[in-house]
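Asks: Turn this into a model:
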Amino acid sequence: MQASAPSDARSIKVGVVTDQTGPLWFCGIANANVARMVVNDINARGGLLGRPLELCLEDSATDDGVAEAKARKLIQQDQVDVILGGILSSTRQAIKGPAVVEGRKLYIYPEHYEGQESHPLIFCTGPGPAQQVEPFIPWLMQETGARKFYCPSADYIWPRRMNEKLREVAAAHGGTIIGEDYFPLDHTDYRATIDRIMSSGTEVVFNTIVPPGVGAFLVQLYNAGFTRRGGHVVCTYFDENFVSIFPAAQVEGIYTCLDYYQNVSDPFSRELLHRYDRHYPGGAKFTAGSASTGMYRGLRLWEAAVREAGSLDQDDVIAALDHARIVQGPGGPAEMVPGQHHARMNMYIAQARNGRLEVLKNLGVIEPKEAVPGREA
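Replies: Numbering: from 1, shown residues only. You can find the predicted model right below:
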C-alpha cells in the first residue's frame with residue numbers, strides 16, 4: 001500500500017502525530033498503519049470533495065517535547081486541514097498547545113482517556129471513564145464478589161482521574177479503595193506496593209501503571225502469587241498488543257474493558273481486522289487500547305463531516321462533526337453526541353485466557369456523559 005497521495009496544491013492534508021518509536025512504538029505504528037489504510041481507502045474511492053488526501057505523518061517518539069514540535073510543524077509548515085493523534089494524555093496536551101491554542105486547528109484525539117477534555121476545537125473518539133469504569137466495575141463486583149481495591153498507578157492525570165471514578169463507582173456498590181500509589185513512568189521496583197497489596201486483603205488490583213513500568217509491575221505481582229491466591233487484576237487499557245508482550249501465565253485472568261477486541265464477531269469488525277492484518281502483518285496489532293480504533297473512528301467521522309459540510313471550512317466541518325455518525329466501525333457503529341465532542345460507542349468486557357483476550361460481555365452502546373465544551377479562549 002502507498003502511504004498517501006502525492007503532494008499537490010489540490011490535496012487535503014491530514015496530519016497525524018503518533019509514537020512510532022520509544023516505549024509506545026507498537027501502539028504508534030498501529031495508529032500510523034490505520035491512518036494509512038483509511039487515507040488510502042478514501043483516495044481509492046475518489047478522495048474527498050473531488051480532491052485527494054495527503055497523509056502528513058510524524059513520529060512523536062513517546063516524548064511530549066517531540067510531539068509538541070511535530071504538531072507545530074504540521075500546523076505551520078505543512079498547513080494541515082486537520083490533526084489527529086496522541087496516546088498518553090500528556091501527549092494530547094503537548095499537541096494541543098501548538099495545534100489548538102496557537103494554531104486554532106481542529107484536533108481529533110483517538111485514545112481512551114480520563115475524560116473532561118472540553119474545547120470547541122477538540123473531538124475525542126475513544127472511550128472515557130463513564131464508558132469504562134461505570135459499567136465495568138459493578139459487573140466485576142457482582143461476578144467476583146470482590147469489594148477491596150488497590151490502585152498502583154503512573155503519576156499523571158489519566159490514572160488519577162480513573163482512580164477518582166473507581167472510588168466513586170466502587171463506593172456506590174459497597175466497595176472500598178484501600179490504597180493508591182503513584183510512580184514515575186519508568187519506575188521498576190514495586191516491592192513495597194506489592195507487599196501492601198498482599199498483606200491488606202486486596203481482592204482487585206486496579207492497575208494504571210503504563211509502559212515502560214508496567215512490565216516490571218506485572219512480573220513482580222505474578223511472582224508474589226496474587227492471582228494464584230484468588231486475586232483479580234484489572235487493566236482497562238489492556239489489549240491484544242499488550243497481551244502478546246508477556247508470557248501467558250503472567251497476564252492470565254486480567255480483566256479489561258474497551259470499545260473493541262479482535263474476537264468481536266460482527267462481520268465488519270472481522271473484515272476490517274482481516275484487511276489490516278493483510279496489509280500490515282507483524283507486531284503492531286489493530287487494537288483498541290492503543291488508539292487504533294479511535295484513529296479509525298476519528299478519520300471516518302471527520303470524513304463524514306467533510307462530506308456533509310461540502311467544504312473544508314473549519315466551522316462548517318465542526319458543525320457537521322458535532323453529530324457525525326458511522327454505521328460501521330470496529331466494535332460497531334459510533335456517533336458523536338451533539339454538544340459533547342465525544343462519541344457513544346459499543347463497549348466490551350474481556351479477560352486474558354491462554355494468551356488471548358476473550359470477550360465476556362457485550363455492554364452495548366454506552367454514553368460518554370461528557371460536558372458541553374465552553375467557548376473558545
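
Asks: Please make it C-alpha for all contacts and neighbour counts, starting now.
Replies: Fine.

Asks: And residue 75, how close does it get to residue 110?
Replies: The gap separating residue 75 from residue 110 is 19 Å, by CA to CA, to the nearest Å.

Asks: can you count the residues close to residue 108?
Replies: Using other CA atoms under 10 Å, residue 108 is surrounded by 28 other residues.

Asks: Check residue 313 too.
Replies: 11.

Asks: cool, and residue 167?
Replies: 18.

Asks: dump the residue contacts of it.
Replies: Residues near residue 167 by CA atoms under 8 Å, 6 or more residues apart in numbering: 176, 177.

Asks: now residue 207
Replies: With the criterion set at CA under 8 Å, 6+ apart, residue 207 makes contact with 151, 152, 153, 233, 234, 235, 236.

Asks: what is the fourth one paired to in the beta sheet?
Replies: Beta-bridge pairing of residue 233, defined through DSSP bridges, involves residue 205.

Asks: Can you give me every residue that contacts it?
Replies: So residue 233 contacts 204, 205, 206, 207, 227, 253, 254, 255 (CA under 8 Å, 6+ apart).

Asks: List buried members of the contacts of residue 207 by neighbour count.
Replies: Taking 16 or more other CA atoms under 10 Å as the criterion, what is buried in those is 151, 152, 153, 233, 234, 235, 236.

Asks: Give me the domain ranges for the protein.
Replies: 12-127+265-344, 129-258 (automatic domain parsing).

Asks: Show me the one of the ones you listed that comes nearest residue 351.
Replies: Nearest to residue 351 among these is domain 129-258; the distance by CA to CA comes to 4.5 Å.

Asks: so how far is that closest one from its chain's centroid?
Replies: 17 Å (CA atoms, centre = their mean, to the nearest Å).

Asks: Repeat that for stretch 60-75.
Replies: Worked out by CA atoms, centre = their mean, stretch 60-75 lies 18 Å from the chain centre.

Asks: still on that earlier bit, any chance of the domains of the chain in JSON lines, plus mean pLDDT?
Replies: Shown next, in JSON lines, are the domains of the chain (pLDDT from 0 to 100):
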{"stretch": "domain 12-127+265-344", "mean pLDDT": "97"}
{"stretch": "domain 129-258", "mean pLDDT": "96"}
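
Asks: Return the residues in contact with the most centrally placed residue in the chain.
Replies: The centroid of the chain falls nearest to residue 111 when counting by CA atoms, centre = their mean (2.5 Å). Contacts for residue 111 (CA under 8 Å, 6+ apart) come out as 86-88, 124-127, 289-292, 294-295.

Asks: List the backbone torsions phi and psi for it.
Replies: Phi and psi for residue 111, reported as degrees, to the nearest 10, are phi -90, psi 150.

Asks: how far away is it from residue 122?
Replies: The value you get for residue 111 to residue 122, if CA to CA is used, is 13 Å.

Asks: cool, and residue 151?
Replies: Distance from residue 151 to residue 122, by CA to CA: 30 Å.

Asks: now residue 43
Replies: Counting by CA to CA, the gap from residue 43 to residue 122 is 25 Å.

Asks: which of those two has more neighbours?
Replies: Looking at residue 43 and residue 122 with other CA under 10 Å, you find the greater number of neighbours at residue 122, namely 21 against 18.

Asks: ok, and the closest non-adjacent residue to that one?
Replies: Distances taken as CA to CA, 6 or more residues apart in numbering place residue 107 nearest to residue 122, at 4.9 Å, with adjacent residues excluded.

Asks: thought the one you found was touching residue 82?
Replies: Yes - with contact defined as CA atoms under 8 Å, residue 107 and residue 82 form a contacting pair (6.2 Å).

Asks: Dump the buried ones among the contacts of residue 207 into a markdown table; add distance to residue 218 and secondary structure as well.
Replies: Converted to a markdown table, those look like this (distance: CA to CA, whole Å; DSSP: H, G, I helix; E, B strand; the rest coil):
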| residue | distance to residue 218 | secondary structure |
| --- | --- | --- |
| 151 | 13 | strand |
| 152 | 11 | strand |
| 153 | 12 | strand |
| 233 | 9 | strand |
| 234 | 11 | strand |
| 235 | 11 | coil |
| 236 | 14 | coil |
